[in-house]
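1. Provided below for reference: sequence and predicted model.
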Amino acid sequence: MIYNLNDKYNTNKSLFEFTEYMITRYPENNTFEKKNYVNLEKKYLYKLQYVNRIIKNIDCYSNENKMNRNFEKMFFNKKNMNYLKEYLEEKNKISYNHNISAMEKEEFEMLFNYGGGELEPEWEWVKNISIVYIITENENKIINELKYSLRSIERFLPWFFGSIFIIVQKITNNLSWLNKNNHQIKITNPKDFVPIKFNGHYNREIIEMYLDKIPSISERFILLNQEQYFKHFIHPIFLFNKDFFPKYNYDYGFYQNNTNLSESFFNTYELIKEIFGANYNNKNLNSTFI
């Protein structure tokens, strides 16, 4: 299941409502959750359940007139909101910690002290990793950004000896500046790896689905936007964790006015509205779905 948290949730009412939903929807805790969080959640779960039963009984069994029933419900709803506020405040207190873990400390030291020297033996595998750019347009601004990004890789990733795949749908004179003697750079067309069933109708979403099918691409690869660049020597621990899994997704979220998005994406959006209510967010859809 996917929960789509939009900017609307920075308001108290929506934040409280979503917090209540998560606590009451999933009352059973997983084994990996910290005990102090579990105990705090259970403490407020009982309070919320008790108040919600009262509100339900007011609707079902109260003989009071409608005005009195609404007043009583408003009173207990406010009590619920106070409980949720207390819960979030207490949760923030136990979450607030000045200390960093040993792993975080090690990562900081490696990042701040790395000056472009040889990598540790456990990071040797990253030397032959691939980097991918998807260029959907060939405007001068985009091409100039790509130039800076490529230069920064050459300057600040001295350990990188892998391939740089630049995916373009048509090659123009705007790319004539590329160094033909640089065997690391490979110009690739989507038709070389995207299934033929798409009949040449490619958008970024479709291209990204099949990046792992690019001939000779490494099993793990880095997807960069052309405007992203490095300005310091970068140790690969900046990009991957100690278990060698990627840390970041450098791509953008989808926007509702993007006509290239698939129908299934908007079906998901409509499903979320159906579950959480049509007014759960008054802005355009602007969150990344993972």
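-> Noted; the coordinates are in hand. It should be emphasised that the depicted structure is a prediction, and the values quoted were computed from it without experimental measurement.
2. tell me what the closest residue to residue 134 other than its chain neighbours is bridged to.
-> Closest residue in space to residue 134, ignoring its immediate chain neighbours: residue 167 at 4.8 Å, by Cβ to Cβ, 6 or more residues apart in numbering. Glycine gets a C-beta too; all of them are placed from N, C-alpha and C. Taking DSSP bridges as the rule, residue 167 bridges to residue 134, residue 188.
3. quick one: contacts for residue 167?
-> Going by Cβ atoms under 8 Å, 6 or more residues apart in numbering, residue 167 touches 132, 133, 134, 135, 188, 189, 190, 207, 214.
4. where does the nearest residue to residue 235 once chain neighbours are set aside land on pLDDT?
-> Using Cβ to Cβ, 6+ apart and skipping the chain neighbours, the partner closest in space to residue 235 is residue 114 (4.0 Å). Note on residue 114: pLDDT of 91.
5. how many neighbours does residue 114 have?
-> Residues near residue 114, counting by other Cβ atoms under 10 Å, number 17.
6. would you agree it is in contact with residue 233?
-> Yes. Using Cβ atoms under 8 Å, residue 114 is in contact with residue 233, at 5.5 Å.
7. circling back: report the separation between the residue nearest to residue 134 and residue 198.
-> For residue 167, the distance to residue 198 equals 14 Å [Cβ to Cβ, to the nearest Å].
8. equivalent analysis for residue 103, please.
-> Distance check for residue 103 against residue 198: by Cβ to Cβ, it reads 42 Å.
9. which one of these two is surrounded by more residues?
-> Between residue 103 and residue 198, counting by other Cβ under 10 Å, residue 198 is the more crowded of the two (15 against 10).
10. on that earlier part again, out of the contacts of residue 167, which end up buried?
-> The neighbour count (16 or more other Cβ atoms under 10 Å) marks 132, 133, 134, 135, 188, 190, 207, 214 as buried among those.
11. for those residues, which one is nearest residue 24?
-> Closest approach to residue 24 among those (Cβ to Cβ): residue 207, at 41.3 Å.
12. and that closest one, what does it touch?
-> Residue 207 is in contact with 134, 167, 190, 194, counting by Cβ under 8 Å, 6+ apart.
13. pull the distance from whatever helix or strand it lives in to the chain's centre.
-> Taking DSSP states H and E as the definition, residue 207 sits inside helix 204-209. Computed by Cα atoms, centre = their mean, to the nearest Å, the separation of helix 204-209 from the middle of its chain amounts to 17 Å.
14. ditto for stretch 32-48
-> Relative to its parent chain, stretch 32-48 has a centroid offset of 27 Å by Cα atoms, centre = their mean.
15. now do stretch 164-184
-> Worked out by Cα atoms, centre = their mean, stretch 164-184 lies 30 Å from the chain centre.
16. please identify the buried residues of it?
-> Within stretch 164-184, the residues that count as buried by 16+ other Cβ under 10 Å are 164, 165, 166, 167, 168, 174, 175, 178, 184.
17. export only the CA atoms of it, formatted as CSV.
-> The C-alpha trace of stretch 164-184 is given here as CSV (Å, rounded to 0.1, in the frame of the first residue of the first chain):
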residue,chain,number,x,y,z
ILE,A,164,28.1,7.1,-19.1
PHE,A,165,24.9,6.5,-21.1
ILE,A,166,23.2,9.5,-22.5
ILE,A,167,19.8,8.6,-23.8
VAL,A,168,18.4,10.8,-26.5
GLN,A,169,15.6,10.2,-29.0
LYS,A,170,17.4,12.1,-31.8
ILE,A,171,21.0,13.3,-32.2
THR,A,172,21.4,16.9,-33.1
ASN,A,173,24.3,19.3,-33.6
ASN,A,174,23.9,20.3,-30.0
LEU,A,175,25.7,17.2,-29.0
SER,A,176,28.6,17.6,-31.5
TRP,A,177,30.8,18.9,-28.7
LEU,A,178,31.0,15.4,-27.1
ASN,A,179,34.5,14.0,-27.1
LYS,A,180,34.5,11.2,-29.7
ASN,A,181,37.6,9.7,-28.2
ASN,A,182,36.0,9.3,-24.7
HIS,A,183,35.0,5.7,-24.8
GLN,A,184,33.2,6.0,-21.5
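18. surely residue 201 is in a helix?
-> No. Residue 201: not assigned to a helix; according to DSSP: H, G, I helix; E, B strand; the rest coil it is coil.
19. please begin residue numbering at 41 from this point
-> Yep, numbering from 41; the last one is residue 241 now.
20. number of residues surrounding it?
-> Residues lying near residue 241 (other Cβ under 10 Å) number 10.
21. could you chop this structure up by domain?
-> Structural domains annotated on the chain: 47-138, 142-278, as defined by automatic domain parsing.
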